[in-house]
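J.: need a structure here:
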Amino acid sequence: MKLLRFLLFPFAVLYDAITRIRNWFFNLGVLKSTSFDIPVIAVGNLSVGGTGKSPQIEYLIRLLKDDYKIAVLSRGYKRKTEGFQLVNDTHTAEDVGDEPLQFYKKFKNDITVAVDADRTNGIQQLLQTHNPPEVVLLDDAYQHRKVTASSYILLTKYNDLYVDDFVLPTGNLRESRRGAKRASVIVVTKCPENLSKSEQGKIVRKINPKSYQKVFFTTIAYDENLKGTDDKLAIADLQHKEVLLVTGIANPKPLLNFLKEKKVGFKHLNFPDHHNFTQQDISNIKKAFKELSSQQKIILTTEKDYMRLEGKVDGLNYISIKSDFLNEKKVFNSLVLEEIKKKN
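T.: Okay, here's the model as predicted:
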């Protein structure tokens, strides 16, 4: 695989040139970018794959929902519908995507959730609703230059920093690391809980942020209680059960490590990220569960996968996650709130 990526280096150079010219045209105003009168916060990354965007969006929702009318706008990755959709109770993950459905089900009494590949149109449509938002959170929109966000939050994984990477197809970057300069906040995600201050300092020096940028560190915190069919079960209870773990996320390794640390035994069925489960997949899951020998057995999945599997598999349970800050949480909150007040 490394040899193949090396051989594709000329294509990476071409890809880098194309994305650089595109960004240059947006910076010069040759390509149109729309600004809005309300605060628009774009959360995203430079790389492909999971960097923890959903937990970060949910953190912002919790921070802001009591003081502002919030809308979350996503493209609705792998959905089967087109155009602008306001997420409602009738929608499935196939209609609007798993992450928007997750946001809606968790916060539907507090926020509006919509999907539109054209973020400019999506914001315009949201502003025309009977209860228009005061703040829009753009999910996975760092490269969507057709909207000029009021602030950008750039996420990068602890063990896969963008400064160590290269553009596609040689590396995993959607655009050159130069694109990081658009961000006012850089969040290093999925860090070990015991990441020391000195190690954090080394990473900050490696990232070498601009004078206007602030670097933060977060970790993934797993809920100690399950949700779903058996929502009275705690993670510790799984030590006494045979577990079938079903995942369709970019990087299930942190979850696998968490379960191992909790001394939970499991059989793992691994699917690609955002996988739309076919009827054959469902049959295979049911078969694998039936083949577990214990009478005390359970099907476990992630919250994102639950959105795509709910109603298709009986006895389904999931572990929810949250983003926790390792440093200067109050500073992060203040920066976000200050950016919002600038537009109000």
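J.: CA atoms for contacts and neighbours, from now on please.
T.: Noted.
J.: distance of the residue nearest the centre of the chain relative to residue 323?
T.: Nearest to the geometric centre of the chain sits residue 53, at 2.4 Å (C-alpha atoms, centre = their mean). From residue 53 across to residue 323, the span is 10 Å (C-alpha to C-alpha, to the nearest Å).
J.: quickly run through the sheet partners of the helix or strand hosting residue 268, with directions.
T.: Secondary structure assignment for residue 268, by DSSP states H and E: strand 266-270. Strand 266-270 has the following sheet partners, assigned by DSSP bridges: strand 242-247 (parallel).
J.: hang on, isn't residue 240 packed against residue 295?
T.: No - using C-alpha atoms under 8 Å as the test, residue 240 is too far from residue 295 to be in contact (10.6 Å).
J.: neighbour count: the two, which is higher?
T.: Shown here are residue 240 and residue 295; by other C-alpha atoms under 10 Å, residue 240 has more neighbours (13 against 8).
J.: quick one: that one from residue 257, how far?
T.: When C-alpha to C-alpha is applied, the distance between residue 240 and residue 257 equals 18 Å.
J.: again with residue 306
T.: 20 Å.
J.: equivalent analysis for residue 338, please.
T.: Residue 338 is 37 Å from residue 257, by C-alpha to C-alpha.
J.: just the element for residue 339, please.
T.: Using DSSP H and E, residue 339 sits within helix 329-343.
J.: would you map the helices across the stretch 201-344 of the chain?
T.: Under the criterion DSSP state H, counting those that start in this stretch, the stretch 201-344 of the chain contains helices at 253-261, 279-290, 303-309, 329-343.
J.: residue 35 contacts residue 145, doesn't it?
T.: No - between residue 35 and residue 145 there is no contact under C-alpha under 8 Å: 10.4 Å.
J.: quick one: which of the two has more around it?
T.: Set residue 35 next to residue 145 and count neighbours by other C-alpha under 10 Å: residue 145 wins out with 18 against 14.
J.: and the closest residue to that one other than its chain neighbours, how many neighbours?
T.: Spatially, and ignoring its direct neighbours in sequence, residue 145 is nearest to residue 33 (6.2 Å; C-alpha to C-alpha, 6 or more residues apart in numbering). By other C-alpha under 10 Å, 15 other residues sit near residue 33.
J.: coming back round to it: neighbour count: residue 306 and residue 257, which is higher?
T.: Each of residue 306 and residue 257 has its neighbours counted (other C-alpha under 10 Å); residue 306 has more, 25 against 12.
J.: report pLDDT for the more buried one.
T.: With respect to pLDDT, residue 306 scores 96.
J.: got it, and residue 8?
T.: On the pLDDT scale, residue 8 gets 77.
J.: grab the nearest non-local neighbour of it.
T.: Closest to residue 8 by C-alpha to C-alpha, 6+ apart is residue 170, at 5.9 Å.
J.: which residues touch the one you found?
T.: Applying C-alpha atoms under 8 Å, 6 or more residues apart in numbering, we find residue 170 in contact with 5-6, 8-9, 12.
J.: and the next helix or strand past the longest helix along the chain?
T.: Ranked by residue count and defined by DSSP state H, the top helix of the chain is helix 9-28. Sequence order places strand 40-45 as the next helix or strand after helix 9-28, per DSSP H and E.
J.: check which element follows that following strand along the chain.
T.: Counting by DSSP H and E, the next helix or strand C-terminal to strand 40-45 is helix 53-64.
J.: relative to helix 329-343, how tilted is that next one?
T.: Angle, helix 53-64 to helix 329-343, by axes from the mean of the first three to the mean of the last three C-alpha atoms, to 10 degrees: 70 degrees.
J.: what is helix 53-64 packed up against?
T.: Secondary-structure packing of helix 53-64 (3 or more C-alpha pairs under 8 Å, 6 or more residues apart in numbering; DSSP states H and E): strand 40-45, strand 135-139, strand 321-325.
J.: closest one to residue 84 among those?
T.: Residue 84 lies closest, by C-alpha to C-alpha, to one member of the helices and strands packed on helix 53-64: strand 135-139, at 14.1 Å.
J.: what angle do the closest one and strand 40-45 make?
T.: Interaxial angle, strand 135-139 versus strand 40-45 (the same axes, to 10 degrees): 20 degrees.
J.: strand partners (parallel or antiparallel) of strand 135-139?
T.: Strand pairing for strand 135-139, using DSSP bridges, gives strand 40-45 (parallel), strand 70-74 (parallel).
J.: so what sits opposite residue 187 in the bridge?
T.: residue 155, residue 216.
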